[in-house]
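Chemist: predicted model follows, preceded by the sequence.
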Amino acid sequence: MNVSMRLGSRKLRYFLLAVVASLAVVLPMVVAPTSAHAAATTSTRIANFAAGPATVVKGKNISYSGLVQRLSGKAWANAGAVTVNVYFDADGSAPKKLVRTLRTTSAGKFNATAVAAVSGKWSVTLPAQGSYKASSTAVKAIKVVPAPSPTSAKPASKWNCPSWAPIKGNAPSKIYHLKNQRFYAKTTPEICFSTEAAAKQAGYRKSKV
């Protein structure tokens, strides 16, 4: 009985030693950091960030640009090709939203455009990658305004102007005619105006009769 118990405890001891030995091999492989997950060590910044124009008509383009730099000793040097994220924070809306991801040039530069839709704030972030630490720009506010209403148009037909631009403009004479004037019905317009001010701004004068 005692002999069998001693044999059993010896087998158990060997088994436990084997488990510990295998863990000693496996655990370093699990917890040891790889180069891909090594902590970023190089400070970065996004210099010369610009976005504009500050006020833009809806549907027109805005542009944004910048330069990613890394700290080299005590001086800033241009980074290589890296990935940056572009964010937009619409006025009165949810917090900033990722709208585009860009790859910079080999000199760290980026330059892109977007169609203006609503007013808001633009910014760019460099996420941590490789040995580079993360960094972000300040926000740039851009106001988007409605497109101005047109003040002139082509004739609706040979004799008629659109209802919203009823003033007939005669191109050869540079004279415009109002509906209540004598030659209005007889005038075939080359251009139609919404207001007299628009006609005058285009270089036309009012018919005398």
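Modeler: In hand now; what should we look at?
Chemist: which stretches of the chain form helices?
Modeler: Remark: helices assigned in the chain by DSSP state H are 2-31, 196-201.
Chemist: least reliable of the ones you listed by average pLDDT, please.
Modeler: In terms of average pLDDT, helix 2-31 trails the rest of the helices of the chain, at a mean of 51.
Chemist: next, count neighbours for residue 72.
Modeler: Summarising burial for residue 72: neighbours were counted as other Cβ atoms under 10 Å, giving 12. The C-beta positions use only the backbone N, C-alpha and C, and glycine is treated the same way.
Chemist: and the residue nearest to residue 64 when sequence neighbours are not counted, what pLDDT?
Modeler: Here the nearest residue to residue 64 in space, its sequence neighbours aside, is residue 51; by Cβ to Cβ, 6 or more residues apart in numbering that works out to 4.0 Å. At residue 51, the predicted lDDT confidence score is 97.
Chemist: surely residue 51 touches residue 86?
Modeler: No: between residue 51 and residue 86 there is no contact, the gap being 9.5 Å when judged by Cβ atoms under 8 Å.
Chemist: give the residues shared as contacts by these two.
Modeler: Applying Cβ atoms under 8 Å, 6 or more residues apart in numbering, one finds that residue 51 and residue 86 are jointly contacted by 64, 122.
Chemist: rewinding a little: near the residue nearest to residue 64, how many other residues are there?
Modeler: Other residues within reach of residue 51 by the criterion other Cβ under 10 Å amount to 22.
Chemist: now residue 69, which residues is it bridged with?
Modeler: The residues paired with residue 69 through beta bridges, assigned by DSSP bridges, are residue 45, residue 78.
Chemist: just checking, it touches residue 47?
Modeler: Yes: counting by Cβ under 8 Å, residue 69 does reach residue 47; the two are 5.3 Å apart.
Chemist: out of the two, which sits in the more crowded spot?
Modeler: Under the neighbour definition other Cβ under 10 Å, residue 69 and residue 47 were set side by side, and residue 69 has more, 20 against 14.
Chemist: give me the distance between that one and residue 158.
Modeler: Using Cβ to Cβ, to the nearest Å, we find residue 69 at a distance of 64 Å from residue 158.
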